[in-house]
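# A predicted structure for the sequence below; I have some questions about it.
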Amino acid sequence: MSQGANANYSGRSFEEKVRTFLKKKGYGTQKHRYKALWFNPGPRGRLNETEIYIPELEMVIECKNQNGSGTADQKIITELYNAHKKINCNHYILLYGGSWWGQGRGQSLIKAGKEFINDVDSYLPTQKNKSLHVMKYEEFCKWFETNFTEGGK
């Protein structure tokens, strides 16, 4: 399997892991389409699509899985700024899975994403009721269980 095909498979597997966790908590998921900052208005332009949307929580989750160096780690700030400007929701979560994020450069980039959110909120407040988040999978599971009841009950 090529590196690109392996990365796509790994990413889809991580998305499915997140969907399974949410389903066990009683939440259904779907895709969410929106016009990104980089939207191409030409005849071939199309809307972007998030991996996971939980309608009853107005929560958007973008999943990024990485187990070694690659390009996903270079997109944190771009994804957060796009969410800040273009995605209407209560919670936008940039969710990271894979071994890359637990140490070294990956860990530093997660920290930078969290610092960026603090800076954005200080200087360009995010729209009312929207919170931006950057989390690793384990952190997300704990946060979700602490903040949301099963199936909204």
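That came in fine, so what should we check first?
# And the strands in the protein?
30-34, 48-54, 59-65, 91-97, 131-136 (DSSP state E).
# Please list the residues outside the third one that contact it.
For strand 59-65, the external contacting residues (C-beta atoms under 8 Å, 6 or more residues apart in numbering) are 10-11, 13-15, 18, 32, 50-54, 72, 75, 79, 83, 87, 89-98. (Glycine included, C-beta is placed from N, CA and C.)
# Quick check: residue 48 vs residue 32, distance?
According to C-beta to C-beta, to the nearest Å, residue 48 stands 9 Å off from residue 32.
# Compare the two (neighbour count), which wins?
Between residue 48 and residue 32, counted using other C-beta atoms under 10 Å, residue 32 has the larger neighbour count: 22 against 16.
# just to revisit the earlier point, need the buried ones from the contacts of strand 59-65 selected in ChimeraX.
Per 16 or more other C-beta atoms under 10 Å, the buried members of those correspond to this ChimeraX selection:
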select :11,14,15,18,32,50,51,52,53,54,72,79,83,87,89,91,92,93,94,95,96,97,98
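# For the residue nearest to residue 35 when sequence neighbours are not counted, give me the pLDDT.
Among residues not flanking residue 35 along the chain, residue 47 sits closest, at 5.8 Å (C-beta to C-beta, 6 or more residues apart in numbering). pLDDT, residue 47: 89.
# correct me, but residue 47 touches residue 31?
No - judged on C-beta atoms under 8 Å, residue 47 makes no contact with residue 31 at a distance of 10.2 Å.
# can you tell me which residues contact the residue nearest to residue 35?
33-36, 39.
# Most distant residue from the centre of this structure?
What lies farthest from the middle of the chain is residue 43; by C-alpha atoms, centre = their mean that is 28.0 Å.
# Now residue 62. Nearest residue, chain neighbours left out?
Nearest non-adjacent residue to residue 62 (C-beta to C-beta, 6+ apart): residue 94, at 5.3 Å.
# Distance-wise, check that neighbour relative to residue 42.
Here residue 94 is placed at a distance of 28 Å from residue 42 (C-beta to C-beta).
# Kindly report the same for residue 61.
Separation of residue 61 from residue 42 (C-beta to C-beta): 29 Å.
# Please identify which of the two sits among more neighbours.
More neighbours surround residue 61 than the other of residue 61 and residue 42, with 25 against 6 (other C-beta under 10 Å).
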